[in-house]
Each structure stands twice: as structure tokens, then as C-alpha cells.
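[1] A predicted structure for the sequence below; I have some questions about it.
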Amino acid sequence: MVKKKKPKERRKSARTQILADVTFVCEDQTHNGQMLNASGGGAFIETRKLPEVGSVIEIKSSFPGMDHTSTVFGRVLWTRATGDSDGPAGVGIEFVEGGS
């Protein structure tokens, strides 16, 4: 049996577990998901819509306790398909400035 080597941790700041409903725009279509965790540099969004790695998505969210919607942009670093034993389907994103 060959064990999968766990990828090296590249996160520069601590991850915080959160639960926030989000919408994101990918290929001119709006999709729904849930942000499950975030750090200063990025986040994981649970979703069945898997944008292409490298694409930049616009993410709108309303965090618990906030009375307004926040908009950030993220570059898709990796995706996880439905049925993967490592966790729920979704995307790992890196926050980027202004959609660049």
C-alpha cells in the first residue's frame, strides 16, 4: 500500500474555523458556497462548483455579527472534488487585490 504524502503546509498565517455563507462569481455565473475556514492569506470554500485552478473569483460574504456584505477576490490554488476522502468538495483560494 502506498501512502499519500501530505502536501507541505504553505499557509503564512493561522487558519480560523468559520462558517459564512458566500456567493462567488465564476465565468459570469454566480454560485453559492460556505467559507469553512480562513487565514490572512486565503480561505477554503465548500462548493460543488469547482472553478479552474488559477482563475480569479469575486467572493461576497456576510459574516456572523456583521450587518453588511464584504467583497474580496481570490485566486483558486486547488480544488477538491465530491467524494474525496480528504474532506468536502470545494476550493482553496488565495486572497488577491482587486481581482488581479
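    That came in fine, so what should we check first? Numbers count the residues shown, from 1 in each chain.
[2] Going by C-alpha atoms from here, please, whenever you check contacts or count neighbours.
    Will do.
[3] What's the local residue count around residue 80?
    18 (other Cα atoms under 10 Å).
[4] isn't it right next to residue 88, touching?
    Yes - between residue 80 and residue 88 there is a contact under Cα atoms under 8 Å: 7.2 Å.
[5] Residue 81: what's it in contact with?
    By Cα atoms under 8 Å, 6 or more residues apart in numbering, the residues touching residue 81 are 48, 50, 88, 89, 90.
[6] cool, and residue 43?
    With contact set as Cα under 8 Å, 6+ apart, residue 43 has these partners: 35, 36, 37, 92, 93, 94, 95.
[7] What strands flank the lowest-mean-pLDDT helix or strand in the chain, and is each parallel or antiparallel?
    Within the chain, no helix or strand scores below strand 16-26, which has a mean of 92 by mean pLDDT, DSSP states H and E. Taking DSSP bridges as the criterion, strand 16-26 sits next to strand 29-38 (antiparallel), strand 56-61 (antiparallel) in its sheet.
[8] which of the residues in the first one are buried?
    Of the residues in strand 29-38, those scored as buried under the neighbour-count criterion (16 or more other Cα atoms under 10 Å) are 32, 33, 34, 35, 36, 37, 38.
[9] Looking at those, spot the one nearest residue 21.
    Distance to residue 21 across the buried residues of strand 29-38 (Cα to Cα) is lowest for residue 34, with 4.6 Å.
[10] That closest one - nearest residue in space that isn't next to it in sequence?
    Sequence neighbours aside, residue 21 is the residue nearest to residue 34 in space, at 4.6 Å (criterion: Cα to Cα, 6 or more residues apart in numbering).
[11] hang on, isn't that neighbour packed against residue 61?
    Yes - using Cα under 8 Å, residue 21 is in contact with residue 61, at 6.1 Å.
[12] where does the protein dip in pLDDT?
    Scanning the chain for pLDDT under 70 picks out the ranges 1-12, 99-100.
[13] With that, I have no additional questions.
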